[in-house]
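[1] Any chance you can model this:
(2 chains)
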Number of protein chains: 2
Amino acid sequence: MTPSSSPPDASSPIGVFDSGIGGLTVAHAIMRRLPAERLVYFGDTARVPYGPKSPDTVRRYSREITAYLLGEGVKAIVVACNTATAHALPALQAELPVPVIGVVDPGARAAVAASRSRHIGVIGTEGTINSRAYHRAIDRIAPDARIDGTACPLFVPLIEEGWLDHPATRLVAEEYLGRHRVSGIDTLVLGCTHYPLLKSLLGTVLPGVALIDSAAETAEETARMLAEHGLEAAPESGDRDADDPSPHRFIASDDAEQFLKLSQRFLGRTVERVETRTLG
Amino acid sequence: MTPSSSPPDASSPIGVFDSGIGGLTVAHAIMRRLPAERLVYFGDTARVPYGPKSPDTVRRYSREITAYLLGEGVKAIVVACNTATAHALPALQAELPVPVIGVVDPGARAAVAASRSRHIGVIGTEGTINSRAYHRAIDRIAPDARIDGTACPLFVPLIEEGWLDHPATRLVAEEYLGRHRVSGIDTLVLGCTHYPLLKSLLGTVLPGVALIDSAAETAEETARMLAEHGLEAAPESGDRDADDPSPHRFIASDDAEQFLKLSQRFLGRTVERVETRTLG
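    Got it, this is the predicted structure:
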């Protein structure tokens, strides 16, 4: 694929972006749900993480990335990053000429569907939690729900270090979440695309609590969005290069090494080629 | 101070930069060693951390920051970030019209002075350790020294979370450094400007090992550099505004909030005003 100057249509790819590699968990769910679609995934690895950064800065970065993706001819955009969704989704939806969805509304819907006690915990980066984006999204669907947010800034570095079941990770999870064993929540939204990798450990810290990973629900929402706009790729559509083993493109703003190293863990398969593109 | 178009002279400020706020430990040492000097401190909080990023990206960011500092009329530059020193110092020294020093050579000198066993440990970010900058710097002074480097990517997030004496931090330090209780090192270089905040905890993990914090030695090197170039501020020099309580400027690339929140811990005093400047 080279950048296209013709307007996007149903055969065009979907743009997916994240601050780094966490959004690959969402890309993976979309690939499984919509096998006819091609994705252009952008990971802003030169400026990751977004979690501690200000709303203005995250919006600026999100605008730069979506401008780039539009230049690559995408027909729709999935913001596969909770922090970017929390800070930038309304602006992107207002400004961009293609449909845009984020990960917060799908996660909120799945949480409300899972919760019986109507007491729902949310974990995420400082940016996501401080934005109260999940509070608002859950409140719109279930105004009677009680929502309890906790910023967990150490989870992303622990996951990127690969310490998915390390005693230190368990101690950190205890510190952040131990109180929820008696708080009465029955559902916990994993409000960061990295966190699904901690599902097994978190399940032992909070036994009996439903852990909500928004990736699958975001893939459903992507399918609905494409159908609504008549943008579903036909199974045989797309001018795929028969020599190209993968219909998807992966682009990082820093060099490919870190992306390649970590992508297997998030995508569940090996990425063979990562393009690099400097932004900002 | 407004940007100056006249060439810098002895009365001009010193530029100090870091990926974020860690370099304030170095700025603090310079302020104490050279009370007549004014500093312009730049923290690239919009793109922090540099540790996991590629050498090319860190060099690009360092060039953008030093171009900005030169525009602010600095007479010399201190790279108060180990990762930026490791990846960018030679390029900056070759390209810039003012003297530039980093934190690696001063730390290496202090380590060699402290070590009797000539077996020296170095800890830092992945970028700093992979660059082998400390290995080269120590080897130039003490070719007989044995050097043992360990990347400790979780220390910076733990410090920024304020968990300076948390059991999880102790467990992480044990995992990274426990082997050094029997490895034979007698000196450990804290090769990241955040790490001095862990000195007390690391002292209990590695009793009897000298912990080298390059801040004081970098302040000495700054004094030598200014003397060598005839750039020492006279005690009465500088066109200081009598109404300005502080002769120093602090600039961040993201908004001021996080900087203000964390600066007290690193600088040992409150920063009253942080300017913001978008780069890249």
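
[2] in what helix or strand does A:V78 lie?
    strand A:76-79 (DSSP states H and E).

[3] May I have the strands that pair with that strand, each with its orientation?
    With DSSP bridges as the test, strand A:76-79 is paired with strand A:14-18 (parallel), strand A:100-101 (parallel).

[4] Grab the nearest non-local neighbour of A:Y176.
    Distance criterion C-beta to C-beta, 6 or more residues apart in numbering or on different chains; nearest residue to A:Y176, sequence neighbours excluded, is A:C152 at 4.9 Å. C-beta here means a position set from N, CA and C on the backbone, and glycine is covered the same way.

[5] actually A:L158, not the one I typed
    A:T169 (4.8 Å).

[6] Run the angle between the strand or helix carrying that neighbour and helix B:167-177 for me.
    A:T169 is part of helix A:167-177, with elements assigned from DSSP H and E. Interaxial angle, helix A:167-177 versus helix B:167-177 (axes from the mean of the first three to the mean of the last three C-alpha atoms, to 10 degrees): 160 degrees.

[7] neighbouring contacts of helix A:167-177?
    With contact meaning C-beta atoms under 8 Å, 6 or more residues apart in numbering or on different chains, helix A:167-177 is reached by A:121, A:123, A:150, A:152, A:154-155, A:158, A:163, A:188, A:198, A:201-202, A:204-206, B:154, B:166-168, B:171-172, B:175.

[8] Same question for stretch A:101-110.
    With C-beta under 8 Å, 6+ apart, stretch A:101-110 has contacts from A:26, A:76-82, A:84-86, A:89, A:133-134, A:137-138, A:140-141, A:189-191, A:193, A:212, A:214-218, A:220-222, A:225.

[9] Quickly note the distance from A:S6 to chain B.
    Distance, A:S6 to chain B, by C-beta to the nearest C-beta, to the nearest Å: 31 Å.

[10] Over to A:L96?
    22 Å.

[11] isn't that residue right up against A:I65?
    No. Under the criterion of C-beta atoms under 8 Å, A:L96 makes no contact with A:I65, lying 11.2 Å away.

[12] Comparing the two, which shows the higher neighbour count?
    Ranked by neighbour count (other C-beta atoms under 10 Å in any protein chain shown), A:L96 and A:I65 place A:I65 first, with 29 against 18.

[13] Settle this for me: A:Q258 is touching B:P52, isn't it.
    Yes. With contact defined as C-beta under 8 Å, A:Q258 reaches B:P52; the gap is 6.1 Å.

[14] Now the most centrally placed residue in chain A. Nearest residue, chain neighbours left out?
    In chain A, the C-alpha nearest the mean C-alpha coordinate belongs to A:A80, at 2.7 Å (C-alpha atoms, centre = their mean). Counting by C-beta to C-beta, 6+ apart, A:G23 is the residue found nearest to A:A80 once chain neighbours are left out, at 3.1 Å.

[15] Number of residues surrounding the one you found?
    If we define neighbours as other C-beta under 10 Å, then A:G23 has 29 of them.

[16] residues contacting it?
    Per C-beta under 8 Å, 6+ apart, neighbours of A:G23: A:16-17, A:41, A:43, A:80-81, A:193.

[17] list the contacts for the residue in the stretch 1-150 of chain A positioned nearest to chain B?
    Taking C-beta to the nearest C-beta, chain B has its nearest neighbour within the stretch 1-150 of chain A at A:S54, 4.0 Å off. By C-beta under 8 Å, 6+ apart, the contact list for A:S54 reads B:254-255, B:257-258.

[18] Show the buried residues in the residues you listed.
    Buried subset of those (neighbour count, 16 or more other C-beta atoms under 10 Å in any protein chain shown): B:254-255, B:258.

[19] And the strands in chain A?
    A:14-18, A:39-43, A:76-79, A:100-101, A:119-124, A:146-151, A:187-190, A:210-213, A:249-252, A:275-276 (DSSP state E).

[20] Now those in a markdown table, please, with extra columns for distance to B:L279 and mean neighbour count.
    Listed next are these as a markdown table, based on distance: least, C-beta to C-beta, whole Å; neighbours: other C-beta atoms under 10 Å in any protein chain shown:
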| stretch | distance to B:L279 | mean neighbour count |
| --- | --- | --- |
| strand A:14-18 | 21 | 28 |
| strand A:39-43 | 21 | 27 |
| strand A:76-79 | 24 | 27 |
| strand A:100-101 | 27 | 22 |
| strand A:119-124 | 27 | 26 |
| strand A:146-151 | 27 | 18 |
| strand A:187-190 | 33 | 27 |
| strand A:210-213 | 35 | 22 |
| strand A:249-252 | 20 | 23 |
| strand A:275-276 | 20 | 14 |
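
[21] Including distance to B:D105, could the ones you listed go into a markdown table?
    Below are the strands of chain A laid out as a markdown table (distance: least, C-beta to C-beta, whole Å):
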| stretch | distance to B:D105 |
| --- | --- |
| strand A:14-18 | 38 |
| strand A:39-43 | 35 |
| strand A:76-79 | 44 |
| strand A:100-101 | 49 |
| strand A:119-124 | 41 |
| strand A:146-151 | 38 |
| strand A:187-190 | 45 |
| strand A:210-213 | 48 |
| strand A:249-252 | 32 |
| strand A:275-276 | 31 |
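
[22] Mind checking those strands for the one nearest to A:L69?
    A:L69 lies closest to strand A:14-18 among the strands of chain A, at 3.5 Å (C-beta to C-beta).

[23] from the middle of its chain, how far away would the closest one be?
    9 Å (C-alpha atoms, centre = their mean, to the nearest Å).

[24] between it and strand A:39-43, what angle do the directions make?
    20 degrees.

[25] What lies in contact with strand A:14-18?
    The contact list for strand A:14-18, computed with C-beta under 8 Å, 6+ apart, reads A:23-24, A:26-27, A:30, A:37-44, A:62, A:65-66, A:69-70, A:72, A:74-81, A:84, A:193, A:222, A:226.

[26] and which of the buried ones among the contacts of A:S54 is nearest chain A?
    For those, the nearest to chain A is B:D255 (4.0 Å; C-beta to the nearest C-beta).

[27] if I look at the closest residue to the closest one other than its chain neighbours, how far off is A:H87?
    Leaving out its chain neighbours, the residue that sits closest to B:D255 by C-beta to C-beta, 6+ apart is A:S54, at 4.0 Å. Distance from A:S54 to A:H87, counting by C-beta to C-beta, to the nearest Å: 8 Å.

[28] which bits of the stretch 1-150 of chain A sit near chain B?
    A:45-47, A:52-54, A:56-57, A:60 (C-beta under 8 Å from any C-beta of the partner chain).

[29] Including pLDDT, could those residues go into CSV?
    Formatted as CSV, those follow (pLDDT from 0 to 100):
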residue, pLDDT
A:T45, 95
A:A46, 94
A:R47, 94
A:P52, 92
A:K53, 94
A:S54, 95
A:D56, 96
A:T57, 96
A:R60, 97
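
[30] among those residues, which two are most distant?
    So, those by C-beta to C-beta: farthest apart are A:T45 and A:D56, at 20.9 Å.

[31] Compare the two (neighbour count), which wins?
    Comparing A:T45 with A:D56 by other C-beta under 10 Å, the one with more neighbours is A:T45, at 26 against 15.

[32] Enumerate every residue touching that one.
    A:T45 makes contact with A:20-21, A:252-254, A:258-259, B:53, according to C-beta under 8 Å, 6+ apart.

[33] out of the residues you listed, what pair is the most spread apart?
    Most distant of the contacts of A:T45, by C-beta to C-beta, are A:I21 and B:K53, 13.4 Å apart.

[34] So for these two, which residues contact both of them?
    Each of A:45, A:258 lies in contact with both A:I21 and B:K53 under the rule C-beta under 8 Å, 6+ apart.

[35] just the helices in the stretch 151-280 of chain A please.
    A:155-160, A:167-177, A:180-183, A:199-205, A:214-228, A:256-267 (DSSP state H, counting those that start in this stretch).

[36] Mean neighbour count, those: which tops it?
    helix A:155-160 (a mean of 24; mean count of other C-beta atoms under 10 Å in any protein chain shown).

[37] Chain neighbours aside, what residue packs nearest to A:G124?
    With sequence-adjacent residues excluded and distances taken as C-beta to C-beta, 6+ apart, A:G124 is closest to A:G191, at 3.4 Å.
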